[in-house]
Structures are given as structure tokens and as C-alpha cells.
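>>> need a structure here:
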Amino acid sequence: QVQLVESGGGQVQAGGSLRLSCAPSGRTFSSYSMAWFRQAPGKEREFVAGIRWGDGSTYVRDSVKGRFIISRDNAKNTGYLQLNSLKPEDTAVYYCAARTRGLRLDLNDYDYWGQGTQVTVSS
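Numbering: from 1, shown residues only. The predicted model follows:
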């Protein structure tokens, strides 16, 4: 069983930045794909960005492309989501998720989830 531990959420003003971190406990990410989803109040959980751990290939949803950057640090076995130029509409709980093999955009394809971290952007 993989447990994902997230950190890095918080409250910032519009235009600010945050960095979210996600690390698995008791296992390495080497054969997994990792993704970030978010869920705003009253809305469905949506895919934000993902990375295939093995080759580092990434995919970022259009609405955050150019502002959010997903990356990984193999040595630390940790994935990151850098949130830049934040907007109030980015306010949500952000979840880290992982699955074996390829990257997918559907949350139902993910087996492991973190507890979520709140990101609040004020105008």
C-alpha cells in the first residue's frame, strides 16, 4: 500500500506562488505516474498536471499551462507542483495521486491518493 504525503498548501494573494510536495511513504515512485488534482467547493475533482516518473514526461491542463510546473526529484523521491501567478479561481484542495504505469487524466484511474492540501488565493 502506498501512502502519499503532501505538503506546501497555504493562503496567498493573487499573483503569488506556492510549491506543493508529494512523497510516497515506504516506496519509491520509480515505476509510477504521479498527478495533481484539485477540487474547488461545489465542483468536481479535476486533473491539473501529471508526470511519468520514469522518463519525466509531463502533461499540464491548458488552464494552468505556463503558470503551474510539475517536476520530480529522484534523489528525494518527491514530486512537486509549482504554482505561479495564482488566481482566485485556483483556490481548491489539491490532491496528489499515483498509479502504476502510464499517465492518465481520469481520477478513477488512480489507486493512491494523498490527504489533500488547501490552496487559497485571495484577490
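>>> Show me the strands in the protein, by range?
Here the chain has its strands, by DSSP state E, at 3-7, 10-13, 18-25, 32-39, 46-52, 58-60, 68-73, 78-83, 92-100, 112-113, 117-122.
>>> among the ones you listed, which is nearest residue 106?
Set against residue 106 and scored by Cβ to Cβ, these come closest in strand 46-52, at 7.6 Å. Heads up, the C-betas are built off the backbone N, CA and C, glycines and all.
>>> Put the alpha carbons of the closest one into CSV.
Below are the C-alpha coordinates for strand 46-52, written out as CSV (Å, rounded to 0.1, in the frame of the first residue of the first chain):
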residue,chain,number,x,y,z
GLU,A,46,-10.2,17.8,-11.9
PHE,A,47,-6.8,16.9,-13.3
VAL,A,48,-4.2,19.6,-13.1
ALA,A,49,-0.9,18.1,-14.1
GLY,A,50,0.9,14.8,-14.2
ILE,A,51,4.4,13.3,-14.6
ARG,A,52,5.6,9.9,-15.6
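>>> So which elements touch it?
Judged by 3 or more Cβ pairs under 8 Å, 6 or more residues apart in numbering; DSSP states H and E, the packing partners of strand 46-52 are strand 32-39, strand 58-60, strand 68-73, strand 78-83.
>>> gap between residue 117 and residue 56?
From residue 117 over to residue 56 the distance is 23 Å, taken as Cβ to Cβ, to the nearest Å.
>>> Same question for residue 101.
From residue 101 to residue 56 the distance is 15 Å (Cβ to Cβ).
>>> Next: residue 100.
17 Å.
>>> now do residue 23
From residue 23 to residue 56 the distance is 17 Å (Cβ to Cβ).
>>> and the two? which has more neighbours close in?
residue 23 (21 against 11; other Cβ atoms under 10 Å).
>>> Burial check on the nearest residue to the more buried one once chain neighbours are set aside, number of neighbours?
Nearest residue to residue 23, sequence neighbours excluded (Cβ to Cβ, 6 or more residues apart in numbering): residue 78, at 4.5 Å. Neighbourhood size, residue 78 [other Cβ under 10 Å]: 17.
>>> Sounds good, over and out.
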